[in-house]
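*Asks:* this is the structure alone, sequence omitted:
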């Protein structure tokens, strides 16, 4: 069975161009990484849930807030290197990264120690212009940044 994940990519327009809100993956495996360690806020779902409802749920769980009001645009799906299929929607919005209240997960750490520890799903969020976002986001998710840029190019006035 193919693993599936869904998320919401918040963007805003600035004079210098578009910016996107990305989350840095939490936990000890990602703590010392920057490039390729940022992601669209997203999470897995099962066949009894729609991608759309999972995207909303995961946004609330990972950031501790509701997604912004606005027009959501599908950025489609993409397969990550591990085989998981990720589906993403984009929405314009303003979010103060300091207002994030991250959800948590538990795992054995250090591995083999028998100790279960709790970590934030995202340990921070930040705004990035599309170029910087492209160098920070998981490589398989860059396609969502490209699709967002294509939307802006196709109808620049629509997204101001």
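*Replies:* Happy to help now that I have it. Source: prediction; values computed, not measured.
*Asks:* please make it C-alpha for all contacts and neighbour counts, starting now.
*Replies:* Will do.
*Asks:* quick check: longest strand of the protein.
*Replies:* Longest strand of the chain, by residue count under DSSP state E: strand 4-14.
*Asks:* what mean pLDDT does that one get?
*Replies:* The pLDDT scores in strand 4-14 average 96.
*Asks:* what's near enough to touch the residue nearest the centre of the chain?
*Replies:* Per C-alpha atoms, centre = their mean, the C-alpha nearest to the average position across the chain is that of residue 40, at 1.3 Å. Counting by C-alpha atoms under 8 Å, 6 or more residues apart in numbering, residue 40 touches 7, 8, 9, 21, 22, 23, 137, 141.
*Asks:* the last one belongs to a helix?
*Replies:* Yes - applying DSSP: H, G, I helix; E, B strand; the rest coil, one finds residue 141 inside a helix.
*Asks:* make sure it is actually in contact with residue 80.
*Replies:* Yes - the criterion here is C-alpha atoms under 8 Å, and residue 141 meets it with residue 80 at 7.4 Å.
*Asks:* more crowded one of those two?
*Replies:* residue 141 (22 against 13; other C-alpha atoms under 10 Å).
*Asks:* any idea how far that one is from residue 110?
*Replies:* 28 Å (C-alpha to C-alpha, to the nearest Å).
*Asks:* dump the contacts of residue 40 into CSV; add distance to residue 127 as well.
*Replies:* As requested, those are arranged in CSV below (distance: C-alpha to C-alpha, whole Å):
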residue, distance to residue 127
7, 16
8, 14
9, 11
21, 5
22, 6
23, 9
137, 12
141, 16
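*Asks:* confirm residue 105 sits in a strand?
*Replies:* Yes - judged by three-state DSSP, residue 105 forms part of a strand.
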